[in-house]
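**Student:** sequence? don't have it. structure:
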């Protein structure tokens, strides 16, 4: 979203979603490939409330990179540079708006990941996509999920990315780590999820897409 009208970390603690964590056998490459190849029926959560929707939502894509580490799968995330108009300073997946020359939402996610963090597409084994996520600032975001096998090199674009880090997939796929918060704004009340990890405050659209990944894998 654009520059936030509030600091989510200053809000009082909200409820905990509280669903049971995913079983360890669901957090490995083989099981994930099978799940995306034959998805069960499931229901995604709502996207963000529309606060400043453009006449036509702007198509965008993000990559949800599942890194295959020896100690367990992780998700690679970025902290965006503070000066950016959209999502400045926030925790995000690598990605961005679609261009006319992109062949598909998957192509957008892979191209943007190469440009933002230097992750070459040859390292990404695309598993599939999750339902589009609409942001309050008027983006229609397609989350693309892919496996990433080390070794690989990263090179952050300093104009867009301040920091690259990884969070254990098991932590993010545990409802006990999903906070529900809300705030009253001039445009109306807004509710959102937050998943604080170490010194990183994951919230908003990124947390919303993680919730959908969680629901998809636990279905």
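**Tutor:** Great, that's in hand. This one's a predicted model, so the numbers in the text were calculated from it and none came from an experiment.
**Student:** In the longest strand seen in the chain, which residues are buried?
**Tutor:** Taking DSSP state E as the criterion, the chain has its longest strand at strand 58-69. By neighbour count with 16 or more other CB atoms under 10 Å, strand 58-69 contains the buried residues 59-67. The C-beta positions use only the backbone N, C-alpha and C, and glycine is treated the same way.
**Student:** Same check on stretch 189-207?
**Tutor:** For stretch 189-207, a neighbour-count test (16+ other CB under 10 Å) marks 190, 192-195, 201-207 as buried.
**Student:** so the closest residue to residue 197 other than its chain neighbours is in which element?
**Tutor:** In this structure, residue 197 finds its nearest non-sequential neighbour in residue 167, 5.1 Å apart by CB to CB, 6 or more residues apart in numbering. Per DSSP states H and E: residue 167 is located in strand 161-168.
**Student:** any idea of the angle that strand forms with strand 58-69?
**Tutor:** Put simply, strand 161-168 runs at 50 degrees to strand 58-69, going by axes from the mean of the first three to the mean of the last three CA atoms, to 10 degrees.
**Student:** tell me what strand 161-168 is packed against?
**Tutor:** Strand 161-168 makes packing contacts with strand 72-80, helix 105-117, strand 200-203 when contacts are defined by 3 or more CB pairs under 8 Å, 6 or more residues apart in numbering; DSSP states H and E.
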